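Engineer: Compute the structure for the input listed below.
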Amino acid sequence: MKTVRRILYFAGAFLSLAALGYGATGVAVWSAQTNTTAWDQALHVKYTRQGCSDTPTQCMSLIASVASSENVKATLHIPLNLSTTAAYSLQYSQLSLQAPYLFEVAIDDFVSQYKALFRGSGALPSTVVATVISNLKSANTKLKFGATIYEDDLSGVYLQNANLPAAVRARFDYVHLFIHYREDGPNYAAYVAQAKTLFPHARIIAGSYAYDRRAFLPCAPGGQACTEQQDFDLFTQSLTVQAQEVASGTVDHIEFYPGYFGAEETWPSWSNPRECDPTEITECIANTKAMRQAALGILGSSAAAKWIQLAAGGSVPPAMDGASAAMDSADNIMIVFGGTTNSGHTNETWILTSADGQVGAPQWLLMAASGKPPLADYSQGMYDPSSNRMIVYGGLRSREQPPDRVRRLCRRQQSQ
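Structural biologist: Residues are numbered from 1 along each chain as shown. Below you'll find the predicted structure:
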């Protein structure tokens, strides 16, 4: 099995349990109803994007259900064709008057669908798009029109004046700008500028593929598939740029595809060889989970930091002065050892599960450690993820007798 990159954070000991959170910009997730509640809360999911090719009445029923159950606003993406899109747009405009949760109707993979219109007969493709936009706003002028655009579409002929006039592009309200090729991700800011030139009145939504994408496309056009590490690294680099663009106000918010945050194993598309090599499904899922954990840190660091008090359950340890703490980020566990309580020096070992407070409720557990643990406060501790050990050095048994021993705690399994 390939090694999946993990992010290791070291936590200092503190008496008041708290975690850093981030601002209220919020994110969008495709099919938010597939996420766990804990992940929706951790990501501050405020929008969902739902695809539907049924009749407007059926599609509105779908998004009404999701918007209500998830407490989110919705983007609905529909097919672009010569037969139904314009007529359906009239209906969506009327139906949206009674659906305040629907703020946008969009076309996914816009250029591919727009290109297909040129193979038909009848109205000019640009006229079809203009009519769709007009129809969407016919009864509800506040209903927005959007489109998914990829970075490699921006210089293509189908978005230039000859095929899609500037006057039509100027009527786009949103551009969902996704990155096809991982190696293009770190240049995201340049693609935003290019998109704003083509669509001068559109607000940009930063699309992010938060899953292992090695089987879908090569790292770069005409190149080789990404390695697992490259896929992870380029995802985090791209998302970092996107978060900076959100923080600066250049883009509106981030939109993740696919959903299934916290339920990654259940994504149906893992069975599609185009999405993941059938021999590497375990690795695909592990890499996807690692990306999503990294996303929490990236989104948190992009906003003004603030302390949030966490309500931890279990048997809460006594206040400990000079305790040593270390973080096992892979298992989201903080280990706290030693220190001084009101009763004197202690060699107790405590574990806090769901320690970052972002996924699941934190719980304190007293660990029954065997052997002869040191009796010291103000010792220095660190966690070694490769051996699942906490290493503790030095500290004070009394102010006059500093020990110089090194001890290690081998954590095979936690107390229940």
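
Engineer: in the stretch 151-300 of the chain, what spans have low per-residue confidence?
Structural biologist: Within the stretch 151-300 of the chain, no stretch falls below the threshold (pLDDT under 70).

Engineer: Please enumerate the strands of it.
Structural biologist: 174-178, 203-209, 254-257 (DSSP state E, counting those that start in this stretch).

Engineer: tilt between the second one and strand 174-178?
Structural biologist: So the one you mean is strand 203-209. Orientation check (axes from the mean of the first three to the mean of the last three CA atoms, to 10 degrees): strand 203-209 against strand 174-178 gives 30 degrees.

Engineer: hang on, the earlier thing: any chance of the strands of the stretch 151-300 of the chain in a markdown table, with mean neighbour count and distance to L352 too?
Structural biologist: C-beta coordinates here come from the backbone N, C-alpha and C atoms, glycine included. Formatted as a markdown table, the strands of the stretch 151-300 of the chain follow (neighbours: other CB atoms under 10 Å; distance: least, CB to CB, whole Å):
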| stretch | mean neighbour count | distance to L352 |
| --- | --- | --- |
| strand 174-178 | 24 | 37 |
| strand 203-209 | 23 | 30 |
| strand 254-257 | 23 | 28 |
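
Engineer: Please produce a markdown table containing those strands, extended by distance to G338.
Structural biologist: Formatted as a markdown table, the strands of the stretch 151-300 of the chain follow (distance: least, CB to CB, whole Å):
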| stretch | distance to G338 |
| --- | --- |
| strand 174-178 | 49 |
| strand 203-209 | 42 |
| strand 254-257 | 41 |
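
Engineer: Can you give me the domain boundaries for this structure?
Structural biologist: Following automatic domain parsing, one finds the domains of the chain at 20-306, 310-410.

Engineer: and the shortest one, average pLDDT?
Structural biologist: Which is domain 310-410. The average pLDDT within domain 310-410 is 71.

Engineer: so where's the stretch 1-150 of the chain uncertain?
Structural biologist: Checking the stretch 1-150 of the chain against pLDDT under 70 turns up 1-25.

Engineer: which stretches of it form strands?
Structural biologist: Under DSSP E, counting those that start in this stretch, the stretch 1-150 of the chain gives strands at 18-21, 27-30, 45-51, 73-77, 102-107, 144-150.

Engineer: Let's have those in TSV, adding distance to S324 and mean neighbour count.
Structural biologist: Below are the strands of the stretch 1-150 of the chain laid out as TSV (distance: least, CB to CB, whole Å; neighbours: other CB atoms under 10 Å):
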stretch	distance to S324	mean neighbour count
strand 18-21	18	16
strand 27-30	36	24
strand 45-51	36	22
strand 73-77	46	22
strand 102-107	50	23
strand 144-150	49	23
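
Engineer: Same list, those, but as a markdown table with distance to P200 please.
Structural biologist: Shown next, in a markdown table, are the strands of the stretch 1-150 of the chain (distance: least, CB to CB, whole Å):
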| stretch | distance to P200 |
| --- | --- |
| strand 18-21 | 35 |
| strand 27-30 | 23 |
| strand 45-51 | 23 |
| strand 73-77 | 21 |
| strand 102-107 | 18 |
| strand 144-150 | 14 |
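
Engineer: With respect to G207, which of those lies nearest?
Structural biologist: Closest to G207 of the strands of the stretch 1-150 of the chain is strand 144-150 (CB to CB; 7.0 Å).

Engineer: Name every strand pairing with that closest one and say which way it goes.
Structural biologist: strand 102-107 (parallel), strand 174-178 (parallel) (DSSP bridges).

Engineer: Next, the angle from that strand to strand 45-51.
Structural biologist: Going by the same axes, to 10 degrees, strand 144-150 makes 80 degrees with strand 45-51.

Engineer: Any idea how far strand 144-150 is from the middle of the chain?
Structural biologist: The chain centroid and the centroid of strand 144-150 are separated by 20 Å, computed with CA atoms, centre = their mean, to the nearest Å.

Engineer: between it and strand 73-77, how big is the angle?
Structural biologist: Going by the same axes, to 10 degrees, strand 144-150 makes 60 degrees with strand 73-77.

Engineer: send the alpha carbons of strand 144-150 over as PDB?
Structural biologist: Presented in PDB, the C-alpha positions along strand 144-150 are these (Å, rounded to 0.1, in the frame of the first residue of the first chain):
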ATOM      1  CA  LYS A 144     -28.700  33.800 -11.100                       C
ATOM      2  CA  PHE A 145     -27.200  32.100 -14.100                       C
ATOM      3  CA  GLY A 146     -23.900  30.300 -13.800                       C
ATOM      4  CA  ALA A 147     -21.600  27.800 -15.600                       C
ATOM      5  CA  THR A 148     -18.700  25.500 -14.800                       C
ATOM      6  CA  ILE A 149     -15.600  26.500 -16.700                       C
ATOM      7  CA  TYR A 150     -12.200  24.700 -16.600                       C
END
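
Engineer: what's in contact with it?
Structural biologist: 75, 77, 103-111, 132-133, 136-137, 159, 171-180, 195, 202, 205, 207 (CB atoms under 8 Å, 6 or more residues apart in numbering).

Engineer: at 7 Å instead, please
Structural biologist: 75, 103-111, 133, 136, 172-178, 180, 195, 207 (CB atoms under 7 Å, 6 or more residues apart in numbering).

Engineer: Same question for stretch 153-171.
Structural biologist: Here stretch 153-171 has contacts from 111, 114-115, 126, 129-130, 133, 191, 194-195, 198-201, using CB under 7 Å, 6+ apart.

Engineer: Mark which of those are buried, thanks.
Structural biologist: Burial by neighbour count, judged by 16 or more other CB atoms under 10 Å, picks out 111, 114-115, 126, 129-130, 133, 191, 194-195, 198-199 from the contacts of stretch 153-171.

Engineer: From those residues, pick the one nearest L299.
Structural biologist: Y191 (19.9 Å).

Engineer: nearest spatial neighbour of that closest one, skipping sequence neighbours?
Structural biologist: E151 (4.5 Å; CB to CB, 6 or more residues apart in numbering).
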